[in-house]
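Engineer: Sequence first, predicted coordinates after that:
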Amino acid sequence: MHSTEMVRHAKAWTSHATEMGTLEGLPCPPTMVRHAKRWQSRRTSHATQLVLALLCLLGSSRALAQEEIITDVRVLNSVRTDEETVRSIAGISIGDALHSDTLDIARERLHTSGMFADVNVYWEPHGEGVRVVIVITEKFPWAPLPTFSYSPGNISAGGLLAHGNLFGRGKRGLIGGRVSNVDSGVIVAYDDPAFWGSWGFFTLKGRYQSLIIPEYSNTNLAGMPLEPMRNTRLRSYGFEVNAGVAWFRKVRTSFGWNLDQNKVGWSAANLDNFYAAASPPFPLPPAA
């Protein structure tokens with residue numbers, strides 16, 4: 001390459017490194033970027049600018065290995081989510097050292113949280129260290145889902161409503177219900193995947209169910225219709241607590257406690273069945 005063209009590229013690379021702390025996609029050490037700013041403020045020779053650009057290229061592989069101190073963490077485009085929650089999920093705090101894998105780990109944690117449609121994390125020079133910038137695109141947190149089902153003798157309708165970012169802190173909630181002539185119920189759930197930003201998590205669930213159970217005769221009688229002899233309404237209540245630790249946010253161990261109660265609401269003969277409506281409970285077959 002001609003020396004004039006090399007100098008032109010060197011100027012462009014030096015300017016880019018000064019503004020973003022990177023060099024054509026490769027990180028340039030923040031200390032070198034600070035020197036670049038001072039050198040650019042003077043009248044430097046073409047040779048000096050060329051040397052600076054080459055040093056940035058040579059030093060790019062060791063740029064993050066110098067463990068520059070994070071002096072600021074900025075969150076952009078956070079509308080529904082609390083910025084401190086974003087920092088907690090990313091696992092980046094002021095005063096931490098910036099290692100070669102810090103940004104990759106932060107991106108992975110933000111993506112796997114399920115709260116964001118897109119994530120970008122990069123650093124830039126800031127004071128005597130670096131600033132980490134987190135750019136997020138949030139998902140719509142509400143997820144409504146209507147339900148309907150039909151089968152002979154059973155018609156039900158209901159819905160579920162879930163929220164993936166309660167209070168702007170990444171907590172999850174769900175409420176759902178179903179009304180049916182056979183099986184009706186309600187369910188409520190709350191999930192905290194990172195209690196106070198720690199590895200701990202817990203889930204609370206509550207449910208109510210009202211179920212009509214048909215009872216059939218085990219006696220084979222001539223002309224007996226395929227209808228239940230008796231219907232019993234069973235009401236059940238349940239509550240569940242589950243808590244645990246996500247070690248290093250990868251391996252989960254947990255324990256839980258569950259309470260279930262069942263009560264009979266009523267039990268009555270099926271008047272649509274002649275044998276069940278008769279007294280005694282069903283007539284004897286005619287004598288041969």
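Structural biologist: Noted; the coordinates are in hand.
Engineer: tell me the contacts of Gly159?
Structural biologist: Neighbouring residues of Gly159 by CB atoms under 8 Å, 6 or more residues apart in numbering: 144-147, 176-177. (C-beta placed from N, C-alpha, C; glycine too.)
Engineer: Please disregard the earlier target; I meant Ala189.
Structural biologist: By CB under 8 Å, 6+ apart, the contact set of Ala189 is 173-175, 203-206.
Engineer: and it, bridged to which residues?
Structural biologist: Going by DSSP bridges, Ala189 is paired in beta bridges with Leu174, Lys205.
Engineer: on that earlier part again, what subset of the contacts of Gly159 is buried?
Structural biologist: 176-177 (16 or more other CB atoms under 10 Å).
Engineer: Mind checking which of the contacts of Gly159 land in helices?
Structural biologist: Residues of those located in helices (DSSP state H): none.
Engineer: Adding pLDDT, write the contacts of Gly159 out as a markdown table.
Structural biologist: Listed next are the contacts of Gly159 as a markdown table, based on pLDDT from 0 to 100:
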| residue | pLDDT |
| --- | --- |
| Pro144 | 94 |
| Leu145 | 94 |
| Pro146 | 96 |
| Thr147 | 94 |
| Gly176 | 97 |
| Gly177 | 97 |
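Engineer: ok, so of the contacts of Gly159, who is nearest Ser254?
Structural biologist: Gly176 (22.9 Å; CB to CB).
Engineer: and that closest one, how far is that from Gly153?
Structural biologist: Applying CB to CB, to the nearest Å, the value for Gly176 to Gly153 is 23 Å.
Engineer: What of Val245?
Structural biologist: Distance, Val245 to Gly153, by CB to CB: 47 Å.
Engineer: Those two: who's more crowded?
Structural biologist: More neighbours surround Val245 than the other of Val245 and Gly153, with 15 against 10 (other CB atoms under 10 Å).
Engineer: what secondary structure does that one sit in?
Structural biologist: Three-state assignment for Val245 (DSSP: H, G, I helix; E, B strand; the rest coil): strand.
Engineer: Identify each of the helices in this structure and give its residue range.
Structural biologist: Per DSSP H, the chain has helices spanning 3-20, 30-40, 46-59, 83-90, 102-112, 274-277. These are given in chain order.
Engineer: These: lowest mean pLDDT?
Structural biologist: Mean pLDDT is lowest for helix 3-20 out of the helices of the chain, coming in at a mean of 47.
Engineer: ok so, going back, can you tell me which of the contacts of Gly159 comes closest to Ala222?
Structural biologist: For the contacts of Gly159, the nearest to Ala222 is Thr147 (42.0 Å; CB to CB).
Engineer: For the closest one, give its distance to Arg178.
Structural biologist: Noted for Thr147: a distance of 7 Å to Arg178, by CB to CB.
Engineer: so what sits against both of the two?
Structural biologist: Among the neighbours of Thr147, those also in contact with Arg178 (CB under 8 Å, 6+ apart) are 156-158.
Engineer: For PyMOL, what selects the buried ones among those residues?
Structural biologist: Applying 16+ other CB under 10 Å to these, the buried members can be selected in PyMOL as follows:
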select buried, resi 156+158
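Engineer: Next, format the shared contacts of Thr147 and Arg178 as TSV and append distance to Glu68 and pLDDT.
Structural biologist: What follows is the shared contacts of Thr147 and Arg178, written out as TSV (distance: CB to CB, whole Å; pLDDT from 0 to 100):
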residue	distance to Glu68	pLDDT
Ser156	60	94
Ala157	59	96
Gly158	55	96
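Engineer: Out of the shared contacts of Thr147 and Arg178, which is nearest to Ala269?
Structural biologist: Nearest to Ala269 among the shared contacts of Thr147 and Arg178 is Ser156, at 24.8 Å by CB to CB.
Engineer: What residues are bridge-paired with the closest one?
Structural biologist: Ser156 forms beta bridges with Ser149, Ser180, as assigned by DSSP bridges.
Engineer: how close does the nearest residue to Met224 once chain neighbours are set aside sit to His111?
Structural biologist: Once flanking residues are discounted, Met224 sits nearest to Tyr275: 5.8 Å by CB to CB, 6 or more residues apart in numbering. Applying CB to CB, the value for Tyr275 to His111 is 63 Å.
Engineer: of those two, who's got more company?
Structural biologist: Counted by other CB under 10 Å, Tyr275 and His111 do not tie: Tyr275 has more neighbours, with 19 against 14.
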